[in-house]
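In: Please work out how this folds:
(chains A and B)
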Amino acid sequence: MSMNNILEFLSLTDPNVRYVVIGSILLAASSAIVGTFTLLKKKALVGDAVAHSVLPGVCLAFMLSGVKNPVYLIIGAFITGWISLVLIDTITARSKIKEDTAIGLILSVFFGIGILMVTVIQKSGNAAQSGLDHFLFGQAASLVGNDLVVFSGIALILMAAVWLFFKEFTVIAFDENFARSIGFPVRTLELILTTLTVLAVVTGIQAIGVVLMAAMLITPAAAARFWTDKLKVMIVLAAGLGAFSGLVGAYISYVAPAMPTGPWIVMVVSIIAVLSFFLAPRKGILFRLITQRKFRKQMLEENILKLLYQLGEAQGSYYQPRTIEEIVARRPFQMSRLKKGLRNLNRQGFLKSTEKGWAYTRAGKRKGQRVTKLHRLWELYLTEYLRIAPDHVHEDAETIEHIITPELERRLEEKLRYPKLDPHQSEIPYPKL
Amino acid sequence: MIHQVETPIVELHDITVSYHKKPVLWDIDLTLPSGSIIGIIGPNGAGKSTLLKAMMGLVELSSGYVRIFDQDLDQVRSRVSYVPQKESVDWDFPASVLDVVLMGRYGKLGLFTRPRKADKEVAMECLRQVDMENYAGRQISQLSGGQQQRVFLARALAQEADLYFMDEPFAGVDAATEKAIINLLKSMSKQGKTVVVVHHDLQSALEYFDWAVLLNLRLIASGPVNQVLTPELLQETYGGKLTLLAAVGDLLTKKEFPSRE
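Out: Numbering: from 1, shown residues only, chains lettered A, B, ... in the order given. From the prediction side, this is the model:
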């Protein structure tokens, strides 16, 4: 049954479904596009305040006109949305109250008044009010007829405006003072961007609802930021993610009309954001964990090879097999990690496994010797150039020995003039030619 | 020791700037000569950056006026370039090095016009002048402090101005970048350009600048560098704030007195 639903939905044969889908996609994408600049200007919280502050305007428009006409509602929403922004700015500029407090204050006061008005309208028993409560949590399926035309129209205007002002918005978001210095009308441009933000919130009030509209503004852009460093790609990606969640919302609204749409849309887009947070290349958590694991593995293997070199040094024979007990007696490795490291080194051809234990290959000895050399060179560098006491340099060298590149190695050797002994009078081993 | 110039490139007439009613610059009155490298020097909190912003019209003046090329700033903006402190922007912004340098062309392009191929070529040439042409496609968050400063300089060069205001271009850069920047400034001044630089390192000031402005909330000196960087004047600049001046400033804040009637 649900498979049929999906097919029927996706085929868009029902014109009503078609309109709802187009509308949801348009407004989710347009608010994500505007939201990209809201995010880059670090005004995410302001977006949330506006979203909540449009509610009293919507209610007031309905109370005064007595009908649920989208044009009246949008004008009402726009006015209170704007007043809230002006108040936040005025409070921040004229009093000792900081911006975050002003935002919290305005958001709760306006939303409180809005809820009060919704209650009054519901109690008044006005028949046309059916649907007004959708403005809290949204109902995509109600996006038909006149409503659809108006809201989609605004969405298209938003996209066109961002396209037109792309260069200007970018420069005021990156470097406001510079924009002012080249004579750009920064105040006007900010006014326009703010107006677009309010309008983006307004487009979503019917399908997504005022409570969660801020998420549609900010979350797609935040998710997109994880995947790219290019602003244009970020905008397109944010629009795509927004559109996808809008589509899902429309579907939910289609199969389960009793369900509010806003929370579903926001949940979808939030899941995408969380996944981005974990999975994105370079910036994602997973990528960083994998990189760290790789480093830890490299450090373990190099430490084993270095230790075998030191054993060889002490006993004058490098290629003699060593038992695990001998290794652990010298340095307390965690047993399971040690065994794993030995097996890896064996597989990579740096060690061979014999009956009497683990023994160097030539490549293994060369590598162990290099790590030992880097450790001792770094200790010497620290004592000579940073004047650090010889008994304080070992810990530092334990880390640095793993990250020095061949180029840095050469510079280190030259700077120290190919020294023979480290600060603890151990020999610094150079490969024999 | 305040030298006035005959045909100044910048003229400040009795400028006072206040933040929250408290004057941070008192009655600055000076003229700057064209074609020179000019250092604005003074201790932390002396109002050096504010003075630069006042010249660029970026802060509100409580009194006085600024003339540049003997005109209002708005009439000569295309001939003036401003380089903010590099810490004043978020370098994690999604932009490439070339994107930032292209912003230097925006003033000439005006509103709604997109950068053309010619602008990209100018931007690349400016990157070459600061030895950063290989970084054009690099994301700006991957740059070192010195490289960030070079990108800002390339953006300023792309403006093709005659007068440059630079806020602490030597702060937080490596020695190689510092040398590259000063060489660039010197070759700019040879071409007749004027550079006004906010600077905090006294040791290099004598070597870098032709003209110095000593500042500590009030103007202490303005003139040729060898006449201005004297022990007495430096002592006056760095020897602590005038406590009476500071006390009156605090009073203005507390009483919410207008700093001008």
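In: residues in contact with residue 161?
Out: In the absence of a named chain, this looks at chain A. Applying Cβ atoms under 8 Å, 6 or more residues apart in numbering or on different chains, we find residue A:161 in contact with A:192, A:196. In this view, the C-beta of every residue, glycine as well, is placed from N, C-alpha and C.
In: Oops, wrong one, chain B.
Out: Neighbouring residues of residue B:161 by Cβ under 8 Å, 6+ apart: B:78, B:79, B:80, B:81, B:193.
In: Also residue A:338?
Out: Per Cβ under 8 Å, 6+ apart, neighbours of residue A:338: A:300, A:304, A:324, A:327, A:328.
In: can we see that at 7 Å?
Out: Contacts for residue A:338 (Cβ atoms under 7 Å, 6 or more residues apart in numbering or on different chains) come out as A:324, A:327.
In: Okay, it and residue A:256: tell me how far apart.
Out: Between residue A:338 and residue A:256 the computed distance is 57 Å (Cβ to Cβ, to the nearest Å).
In: Quick check, pLDDT for residue A:267.
Out: Looking at residue A:267, its pLDDT is 89.
In: and it, that one's in a helix?
Out: Yes: the assignment for residue A:267 (DSSP: H, G, I helix; E, B strand; the rest coil) places it in a helix.
In: Next, count neighbours for it.
Out: 16 (other Cβ atoms under 10 Å in any protein chain shown).
In: What of the one 4 residues further on?
Out: Residue crowding around residue A:271 was assessed by other Cβ under 10 Å; the count is 12.
In: touching chain B at all, the helix or strand where it lies?
Out: Residue A:271 is part of helix A:261-279, with elements assigned from DSSP states H and E. No: Helix A:261-279 lies apart from chain B when judged by Cβ under 7 Å from any Cβ of the partner chain; the minimum separation is 14.3 Å.
In: which residues are contacting that helix?
Out: Residues contacting helix A:261-279 (Cβ under 7 Å, 6+ apart): A:28, A:137-140, A:207-209, A:211-212, A:215-216, A:219-220, A:222-223, A:226-227, A:241-242, A:245-246, A:248-249, A:252-253, A:284-286.
In: Can you list the low-confidence ranges for the chain?
Out: Since no chain was named, I'll use chain A. Counting by pLDDT under 70, chain A contains low-confidence ranges at A:1-3, A:126-131, A:433.
In: try chain B instead
Out: Within chain B, the stretches with pLDDT under 70 are B:240-243, B:255-261.
In: Of all residues in the stretch 101-250 of chain B, which one is closest to chain A?
Out: residue B:107 (3.3 Å; Cβ to the nearest Cβ).
In: ok, the nearest residue to that residue once chain neighbours are set aside to residue B:156 distance?
Out: In space, and not counting its chain neighbours, residue B:107 is closest to residue A:182: 3.3 Å by Cβ to Cβ, 6 or more residues apart in numbering or on different chains. Separation of residue A:182 from residue B:156 (Cβ to Cβ) stands at 11 Å.
In: Quick check: residues of chain A near chain B?
Out: A:40, A:164, A:167-168, A:171, A:174-175, A:177-178, A:180-183, A:225, A:228-231, A:234.
In: Mind doing that once more with 6 Å?
Out: A:171, A:174, A:175, A:177, A:180, A:181, A:182, A:183, A:229, A:231, A:234 (Cβ under 6 Å from any Cβ of the partner chain).
In: Just the buried positions in the one helix or strand residue A:407 maps to, please.
Out: Taking DSSP H and E as the criterion, residue A:407 maps to helix A:406-415. Under the neighbour-count criterion of 16 or more other Cβ atoms under 10 Å in any protein chain shown, helix A:406-415 has residue A:412 buried.
In: quick check, distance from it to the centre of its chain.
Out: Relative to its chain's centre, helix A:406-415 lies at 38 Å (Cα atoms, centre = their mean, to the nearest Å).
In: where along the stretch 1-150 of chain B do the helices fall?
Out: Along the stretch 1-150 of chain B, the stretches classed as helices by DSSP state H, counting those that start in this stretch are B:48-55, B:73-76, B:97-102, B:106-109, B:117-129, B:145-158.
In: Out of those helices, flag the one nearest residue A:71.
Out: Among these, the nearest to residue A:71 by Cβ to Cβ is helix B:106-109 (36.9 Å).
In: Against residue A:386, how distant is residue B:171?
Out: Distance, residue B:171 to residue A:386, using Cβ to Cβ: 25 Å.
In: More neighbours: which of these two?
Out: residue B:171 (16 against 10).
In: Could I get the phi/psi values of that one?
Out: Per-residue torsions, residue B:171: phi -80, psi 130 (degrees, to the nearest 10).
In: swap in residue B:176?
Out: phi -60, psi -40.
In: Pull out the buried positions in the helix or strand where residue B:233 lies.
Out: Following DSSP H and E, one finds residue B:233 within helix B:231-238. Residues of helix B:231-238 classed as buried by neighbour count (16+ other Cβ under 10 Å): B:233, B:234, B:236, B:237.
In: so which two of those residues are the farthest from each other?
Out: Farthest apart among the buried residues of helix B:231-238 by Cβ to Cβ are B:234 and B:236. That separation is 7.2 Å.
In: The helix holding residue B:233: how far from the chain's middle?
Out: How far helix B:231-238 lies from its chain's middle: 22 Å, per Cα atoms, centre = their mean.
In: how about the helix or strand just after that helix, does it reach chain A?
Out: Later in the chain than helix B:231-238, the nearest helix or strand by DSSP H and E is helix B:243-255. No: Helix B:243-255 is not in contact with chain A by Cβ under 6 Å from any Cβ; minimum separation 12.1 Å.
In: how about helix B:243-255: buried residues?
Out: Buried, per 16+ other Cβ under 10 Å, within helix B:243-255: B:249, B:252.
In: Report all helices and strands that it contacts.
Out: For helix B:243-255, the elements it packs on are strand B:22-32, judged by 3 or more Cβ pairs under 6 Å, 6 or more residues apart in numbering or on different chains; DSSP states H and E.
In: who's in contact with the strand it packs on?
Out: B:4-5, B:8-12, B:14-17, B:38, B:47, B:50, B:217-219, B:222, B:249, B:252-253, B:259 (Cβ atoms under 6 Å, 6 or more residues apart in numbering or on different chains).
In: just the buried members of these?
Out: Taking 16+ other Cβ under 10 Å as the criterion, what is buried in those is B:5, B:8-12, B:15-17, B:38, B:47, B:50, B:217-219, B:222, B:249, B:252, B:259.
In: coming back round to it: the residues of chain A next to chain B: which two are farthest apart?
Out: So, the residues of chain A next to chain B by Cβ to Cβ: farthest apart are A:183 and A:229, at 29.0 Å.
In: residue contacts, residue B:37?
Out: B:185, B:189, B:195, B:209, B:210.
In: Give the bridge partners for it, please.
Out: residue B:195 (DSSP bridges).
In: And the helix or strand hosting residue A:376, what does it pack against?
Out: Residue A:376 belongs to helix A:362-385 when elements are defined using DSSP H and E. With contacts taken as 3+ Cβ pairs under 6 Å, 6+ apart, helix A:362-385 sits against helix A:285-315, helix A:394-400.
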